[in-house]
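# sequence isn't available, so here's the structure alone:
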Ligand code: IMP
Ligand code: MG
């Protein structure tokens, strides 16, 4: 079940998206961005963010699943891989939430091995307390506490992704 009022309202998210997009547009002035969204969670943030960018953008997605919880090896499986040419491009990797950092780090290294001109990472949410591996983050929307969140792309068992705000989720007991 979803508890109480939104943790982050539609308005708060919108303001943050515009703020991030302004910073990114300035930093990439005169350059073209290859925006890569990590699905499924980032789809809403990705769509809003790239719409607010003032620089030229091409895009692609990557779908990765972590088996950390079942095997505790942190093994990552790629279900859909980037098809755009990465070599020589200014890649902006866009994620919904960074938790342990294991999947993001894996994807980061995979992209770096393809020789981009540059690679920066943008995440809407950062659950800093939970970090297990260091990932250099360039753009962070909100630092959030160690709770479970749903909405605005984030799911519990693939539910709640369509909520236009972000809420805390607690299992019914
Ligand atoms: P990690 O950083 O490798 O641990 O994995 C981060 C991924 O775990 C995110 O992209 C989400 O798919 C998922 N995740 C972590 N915390 C939450 C949450 O609070 N709500 C929904 N999904 C989450
Ligand atoms: Mg994700």
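The structure has been received and is ready for your questions. For clarity, every value in this text was computed on a predicted model and none was experimentally measured. Numbers count the residues shown, from 1 in each chain. Ligands and ions are numbered 1, 2, ... in the order given.
# alpha carbons only for contacts and neighbour counts from here, please
OK.
# now the nearest residue to residue 48 once chain neighbours are set aside: which helix or strand?
Using C-alpha to C-alpha, 6 or more residues apart in numbering and skipping the chain neighbours, the partner closest in space to residue 48 is residue 17 (7.1 Å). Using DSSP states H and E, residue 17 falls within helix 10-27.
# for the chain, give me the ranges with low pLDDT.
Within the chain, the stretches with pLDDT under 70 are 67-74, 173.
# who in it is up against ligand 1?
Contact residues (C-alpha under 6 Å from any ligand atom) of the chain with ligand 1: 41, 96-104, 148-150, 154-155.
# got the residue ranges for the helices in the protein?
With DSSP state H, the ranges of helices along the chain come out as 10-27, 43-52, 68-71, 102-112.
# so which of those helices is the most packed in?
A comparison of those by mean neighbour count, using mean count of other C-alpha atoms under 10 Å, puts helix 43-52 on top with a mean of 19.
# list of residues touching that helix?
Outside helix 43-52, the residues within contact range by C-alpha atoms under 8 Å, 6 or more residues apart in numbering are 17-18, 20-22, 35, 37, 57, 94-96, 124, 152-153.
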